[in-house]
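Chemist: Next one to model:
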Amino acid sequence: MTNSLIKRTDTLQDRFGLKTAAYLSSGTASLPYDISERLRAARVQAVSMRKISKAETVNSVVNTGGSAALMWGSGEGLSWWARIGTVLPLIALIAGLLIINSIQNDNRAQEVAEVDVALLTDELPPAAFADPGFVQFLKATR
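Modeler: Okay, the predicted model is just below:
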């Protein structure tokens, strides 16, 4: 998609350049010889300075079953360091997720333990908390 946009932009620039050159060339007939020669020399110099885009080529195409993949660089594949560099972020992500899961489980266990300690050390029996009239009792005593 980007290459087609670049080609389209280059085409539009080329059209603009051709129209501008045609417009400027149409007015040179009435100019003196020395001015028209200087303009011609400037035009030749501008055309020679024009940037020529470098075409990128693909070194190889790999068939992966029902699809194809382009490989940039050497056709031999990735070096060991490049393979380690591509797998290392995945390993770090998995390790991070496992650590987060472990911390979450510890926090949940600690919260449950705090509730259990509060229930067991309270003066009221645990059955009182399940009684529907207990909420009314608490509201009335406050």
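Chemist: continuing past the helix or strand hosting residue 112, what's the next helix or strand?
Modeler: In this assignment (DSSP states H and E), residue 112 forms part of helix 80-121. As assigned by DSSP H and E, the chain's next helix or strand after helix 80-121 is helix 126-130.
Chemist: Poorly predicted segments of the chain, please.
Modeler: Within the chain, the stretches with pLDDT under 70 are 1-6, 51-78, 141-142.
Chemist: same thing but at 90, please
Modeler: Within the chain, the segments meeting pLDDT under 90 span 1-87, 115-142.
Chemist: What is the neighbour count of residue 25?
Modeler: Residues lying near residue 25 (other CB atoms under 10 Å) number 13. Quick note: C-beta positions are derived from backbone N, CA and C, even for glycine.
Chemist: So it belongs to a helix, correct?
Modeler: Yes: counting by DSSP: H, G, I helix; E, B strand; the rest coil, residue 25 is located in a helix.
Chemist: start at 45 instead
Modeler: Yes, from this point I'll number from 45; that puts the last item at residue 69.
Chemist: Look up how far residue 83 lies from it.
Modeler: Separation of residue 69 from residue 83 (CB to CB, to the nearest Å): 9 Å.
Chemist: can you give me phi and psi for residue 63?
Modeler: Per-residue torsions, residue 63: phi -70, psi -40 (degrees, to the nearest 10).
Chemist: okay, now it: neighbour count?
Modeler: Residues lying near residue 63 (other CB under 10 Å) number 10.
Chemist: got it, and the one 10 residues further on?
Modeler: Other residues within reach of residue 73, judged by other CB under 10 Å, total 7.
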